Structures are given as C-alpha cells and as structure tokens.
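**Student:** what's the 3D shape of this:
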Amino acid sequence: MDIEWWIDGEVLLRLLLAIVLGGVVGIEREIHGRPAGFRTHIVVCLGAAMMILGTEYYSQNMESGNILDVNRMSAGIITGIGFLGGGAILRESDMVRGLTTAGCVWFVAGLGIVIGKGIYPLALWGTLFVFIMLFFFRFVGDWMPVDQYKAMVVQTSLTQYENVRQKCTEVFRRHGFSVEDIHFKLDNEQNEAEIDYRLSFRKGADREAAVVGVSRIEGVREVRG
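**Tutor:** Predicted coordinates:
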C-alpha cells in the first residue's frame with residue numbers, strides 16, 4: 001500500500017480546530033490551577049479528532065467488510081477517557097475537588113469527535129457555551145444558597161461530656177451550623193469521650209469561627225475539623 005504523506009486541507013483544518021478549541025477550554029482550567037490544564041485538554045481533543053479521522057480514512061480507503069466503524073470508535077473514546085477524568089478528581093478530607101475538570105476532559109473528548117466528523121457549527125457553539133459556563137457561571141454559583149457539609153471531631157473527658165455536648169450545640173447554632181449526624185466513642189478506662197459530628201451549613205458560614213468557638217469550651221481537649 002502506498003503511503004500518502006500529504007495531509008488533505010480539510011483534515012488539517014480539523015486537527016488545528018481541535019487544538020484551538022481544546023486549548024480554549026484548557027486555558028480556564030489552567031488559570032485556576034487544576035491538575036488537567038491547557039496541554040491535557042489539547043491532547044485529549046486532538047487525540048479524539050485524530051482517531052475519528054483515522055477511522056473515517058480507513059473506512060473510505062480499505063476494502064469492504066473492515067471492522068472499524070466511526071460510531072463504535074466514538075463510543076470507545078468516550079468510555080475510555082473516563083480513566084483520565086477520574087484521575088483529576090481529588091478527595092481532601094471531607095471535600096471532593098476536580099469534578100468540573102473531569103467533566104471538561106470528557107467534554108473535549110466529545111469535542112474532538114465532533115470536530116473529527118467535520119460538524120464545525122456544533123463544535124464552535126459547544127465550545128462557546130462551555131466557556132461561558134466555566135467563566136461566568138462561577139459567579140452565579142457564588143450567589144446560590146448552597147448547603148455544604150463538614151466533619152468535626154471533639155475530644156473531652158467523660159466527666160465533662162454532657163456539658164461539652166450541650167455547649168457545642170449552642171456554638172453550632174450561633175454560627176449557622178446544623179447537626180446532621182453524631183457518633184460517640186466513650187472510653188471508661190481512660191476517662192475519654194470522642195464526639196464525631198457531621199454538620200451542614202450554608203456556603204459563606206464562618207467555619208473557622210465555629211472551630212475556635214468549640215475549642216474554647218471548658219473541658220474540650222482537642223478539636224479536629
């Protein structure tokens with residue numbers, strides 16, 4: 001089989017568009033210091049476009065009955081890209097970060113598929129909308145009264161247990177926290193008590209003030225959270 005080293009202008013346009021549009025999405029993630037940034041998004045988008053173009057070329061130039069199918073390749077790309085998106089998700093204590101970045105990686109893979117198929121209007125409008133969502137919806141999210149959750153562990157003595165528990169409830173209420181769940185660990189031999197709180201609060205509540213307030217309660221030995 002003769003190898004054609006020259007790339008068709010339409011193919012080159014699709015590859016360049018994958019670089020540009022994938023980079024547009026990646027810039028926003030890079031600015032905010034996310035693990036999957038500018039280059040990662042370009043590579044994912046360009047790779048997806050290249051695989052679709054390769055499948056189309058093979059289907060058009062090889063004999064009938066070949067096993068490569070563009071739609072099957074698209075499904076494989078979207079399924080396989082999940083491992084890369086999963087790597088961008090980080091768990092820090094009781095917080096999960098990276099879900100938006102994982103969604104962006106998944107999006108640029110789909111973007112590369114659309115570009116590879118030559119559906120330019122869909123690719124351009126999709127990039128515009130996701131860019132608007134990433135940049136401007138961030139401010140909309142700041143206005144929403146979102147419920148958040150936090151774990152807090154309080155250590156005290158068995159003799160101070162009832163007093164500490166009552167005072168903790170007062171501190172939580174004063175700072176806008178609600179107790180969603182509570183677990184106890186009592187040690188009679190060591191005269192120790194550990195109270196594990198699961199708290200809910202509205203975004204913007206002063207979490208540091210709540211922790212400091214609990215730490216100042218008489219009888220509290222240690223606060224974690």
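**Student:** only C-alpha atoms for contact and neighbour calcs from this point on.
**Tutor:** OK.
**Student:** ok, and what's touching the stretch of helix or strand Trp125 belongs to?
**Tutor:** Secondary structure assignment for Trp125, by DSSP states H and E: helix 120-143. Identification of contacts with helix 120-143 by C-alpha atoms under 8 Å, 6 or more residues apart in numbering yields 21, 24-25, 28, 111, 114-115.
**Student:** state the mean pLDDT of whichever helix or strand comes after that helix.
**Tutor:** Sequence-wise, the next helix or strand downstream of helix 120-143 (DSSP H and E) is strand 147-157. If you average the pLDDT over strand 147-157, you get 85.
**Student:** got the buried residues for strand 147-157?
**Tutor:** 149-157 (16 or more other C-alpha atoms under 10 Å).
**Student:** again with stretch 172-188
**Tutor:** 172, 175-179, 186.
**Student:** circling back: mind telling me the two of the buried residues of strand 147-157 farthest from one another?
**Tutor:** Tyr149 and Ser157 (26.3 Å; C-alpha to C-alpha).
**Student:** dihedrals phi and psi, the residue nearest the centre of the chain?
**Tutor:** With distances taken as C-alpha atoms, centre = their mean, the residue of the chain nearest its centroid is Leu99 (1.2 Å). Dihedral pair for Leu99: phi -70, psi -40, per degrees, to the nearest 10.
**Student:** distance of it from Ala109?
**Tutor:** Computed as C-alpha to C-alpha, to the nearest Å, the Leu99 to Ala109 distance reads 16 Å.
**Student:** ok, Leu199 next?
**Tutor:** 38 Å.
**Student:** neighbour-wise, which of the two wins?
**Tutor:** Ala109 (30 against 18; other C-alpha atoms under 10 Å).
**Student:** contacting residues for the closest residue to the more buried one other than its chain neighbours?
**Tutor:** Take Ala109 and drop its neighbours on the chain: the residue closest to it by C-alpha to C-alpha, 6 or more residues apart in numbering is Cys45, 5.0 Å away. Cys45 is in contact with 18-19, 22, 108-113, counting by C-alpha under 8 Å, 6+ apart.
**Student:** if you set the cut-off to 10 Å instead, what comes out?
**Tutor:** Contact analysis of Cys45 by C-alpha atoms under 10 Å, 6 or more residues apart in numbering lists 15, 17-23, 39, 105-116.
**Student:** quick one: buried ones out of those residues?
**Tutor:** Counted by 16+ other C-alpha under 10 Å, the contacts of Cys45 give 15, 17-19, 21-23, 105-116 as buried.
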